[in-house]
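>>> Sharing a model that was predicted from the sequence below.
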Amino acid sequence: MPEQTRTGILIPQNYQPSAKALAGKTILVTGASDGIGRSAALSYAAHGATVVMLARNVEKLEAVYDQIEALGGPQPAAVPFDLSQDNEEAFISLAGVIEEQLGNLDGLLLNASILGQRRAIEQSAWNDWRDVMQLNVHSQFLTAKSLMPLLREAPRASIVFTSSGVGRAGKAYWGAYAVSKFATEGMMQVLADETENTSNIRVNCINPGATNTAMRRAAYPAEEPSSNLSPDAIMRSYLYLMDDASTGRTGCSFNAQ
Ligand code: NAP
């Protein structure tokens, strides 16, 4: 596929996930306690996946856990974990726990991010810049790196990074967040190139587009929240990328809207 058609693409129009599209798969979702990650966890479980939900807020994770049980999905796993820690050993231990307790991993949705300050680069605080990069870039590297051995063992594995419109075209006052999303697109391309033709792992990005979540409301406080789609409304794209239907698609940056 020519490079220019690999960014900003939509999933096939006729894709309709079957009820058990993800049956037998184990999928780790970062940032599963709220927003888009929460919807993805619920949606993956509703389509038969065993979901490993990672975030910091235990109460919110437990609420998603209960919802998955109520809808009759496979028993999920809730993993309270702070992705912002600057400690590779913690990520290696995390991968060890997942391997020990679940035995396999077929999907990794790298979704957790923070917005940071919306300021001009000249006004940006170093601490904030570093925090955004730590979570939005470095934690994705550490998570993906530590889980690659497990993903390699799956018959077909999918890694999905989460991008943004401001990670494809620079925009004033989006500072570290925008730069972190450019890095995310870059990491996806590098990893996709490394794994293409040599493994079972496909690697793509998804840009959810404006979606009614806490992050969107923080970025646009004057906006009417209901003017944007709910996370549940964009789940078809998230399902497609974890479904074997997307086998063979790698190195692509999708738009959910
Ligand atoms: P959100 O509502 O703010 O949710 C963020 C999630 O990340 C929460 O579950 C949060 O859980 C988790 N998280 C934050 N810091 C963490 C940490 N240190 N360790 C572990 N988990 C952490 O965000 P969202 O709007 O759903 O965004 C999801 C993704 O879509 C992000 O990558 C975002 O950049 C991207 N995106 C969103 C929009 C939009 O309009 N919403 C547009 C473009 C791109 P805890 O607080 O429990 O840790």
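Received the coordinates, thanks. What you see is a predicted model; the values in this text were computed from it and never measured.

>>> alpha carbons only for contacts and neighbour counts from here, please
Fine.

>>> residues in contact with G186?
Counting by Cα atoms under 8 Å, 6 or more residues apart in numbering, G186 makes contact with nothing.

>>> what's near enough to touch G165?
Counting by Cα under 8 Å, 6+ apart, G165 makes contact with N207, G209.

>>> Break down the stretch 1-150 of the chain into its strands, ranges please.
Counting by DSSP state E, counting those that start in this stretch, the stretch 1-150 of the chain has these strands, from start to end: 7-9, 26-30, 50-55, 77-80, 107-110.

>>> nearest to the ligand, of the ones you listed?
strand 50-55 (3.8 Å; Cα to the nearest ligand atom).

>>> Make a markdown table out of the strands of the stretch 1-150 of the chain and add distance to the ligand, mean pLDDT and mean neighbour count.
A markdown table is the format used below for these (distance: least, Cα to the nearest ligand atom, whole Å; pLDDT from 0 to 100; neighbours: other Cα atoms under 10 Å):
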| stretch | distance to the ligand | mean pLDDT | mean neighbour count |
| --- | --- | --- | --- |
| strand 7-9 | 13 | 90 | 17 |
| strand 26-30 | 6 | 98 | 26 |
| strand 50-55 | 4 | 98 | 26 |
| strand 77-80 | 8 | 97 | 19 |
| strand 107-110 | 7 | 98 | 26 |
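
>>> Same list (those strands) but as a markdown table, adding distance to A218.
A markdown table is the format used below for the strands of the stretch 1-150 of the chain (distance: least, Cα to Cα, whole Å):
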| stretch | distance to A218 |
| --- | --- |
| strand 7-9 | 24 |
| strand 26-30 | 20 |
| strand 50-55 | 19 |
| strand 77-80 | 24 |
| strand 107-110 | 21 |
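
>>> who in this protein is up against the ligand?
31-37, 55-57, 81-84, 111-114, 162-164, 207-216 (Cα under 6 Å from any ligand atom).

>>> how many neighbours does A19 have?
10 (other Cα atoms under 10 Å).

>>> gap between the closest residue to it other than its chain neighbours and the ligand?
Spatial nearest neighbour of A19, chain neighbours left out: H47 (5.4 Å); criterion: Cα to Cα, 6 or more residues apart in numbering. Counting by Cα to the nearest ligand atom, to the nearest Å, the separation of H47 from the ligand is 20 Å.

>>> how deep is H47 tucked in, by neighbour count?
21.

>>> what do you get for E100?
10.

>>> shaky segments in the protein?
Under the criterion pLDDT under 70, the flagged ranges of the chain are 1-5.

>>> Scan it for its longest helix.
Longest helix in the chain, counting residues (DSSP state H): helix 175-195.

>>> Could you check that helix and say which residues are buried?
175-185, 187-189, 191-192, 195 (16 or more other Cα atoms under 10 Å).

>>> In PDB, list the C-alpha atoms belonging to it.
This file holds the C-alpha atoms of helix 175-195, laid out as PDB (Å, rounded to 0.1, in the frame of the first residue of the first chain):
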ATOM      1  CA  GLY A 175       2.600  21.600  23.400                       C
ATOM      2  CA  ALA A 176       3.900  18.300  24.800                       C
ATOM      3  CA  TYR A 177       0.600  16.500  24.100                       C
ATOM      4  CA  ALA A 178       0.900  17.100  20.300                       C
ATOM      5  CA  VAL A 179       4.600  16.300  20.300                       C
ATOM      6  CA  SER A 180       3.900  13.100  22.200                       C
ATOM      7  CA  LYS A 181       1.400  12.100  19.600                       C
ATOM      8  CA  PHE A 182       3.800  12.700  16.800                       C
ATOM      9  CA  ALA A 183       6.200  10.400  18.700                       C
ATOM     10  CA  THR A 184       3.400   7.800  19.100                       C
ATOM     11  CA  GLU A 185       2.800   7.800  15.300                       C
ATOM     12  CA  GLY A 186       6.600   7.400  14.900                       C
ATOM     13  CA  MET A 187       6.800   4.600  17.400                       C
ATOM     14  CA  MET A 188       4.000   2.800  15.600                       C
ATOM     15  CA  GLN A 189       5.700   3.100  12.200                       C
ATOM     16  CA  VAL A 190       9.100   1.900  13.600                       C
ATOM     17  CA  LEU A 191       7.600  -1.100  15.300                       C
ATOM     18  CA  ALA A 192       5.400  -1.900  12.400                       C
ATOM     19  CA  ASP A 193       8.400  -1.900  10.100                       C
ATOM     20  CA  GLU A 194      10.400  -4.000  12.500                       C
ATOM     21  CA  THR A 195       7.600  -6.600  12.700                       C
END
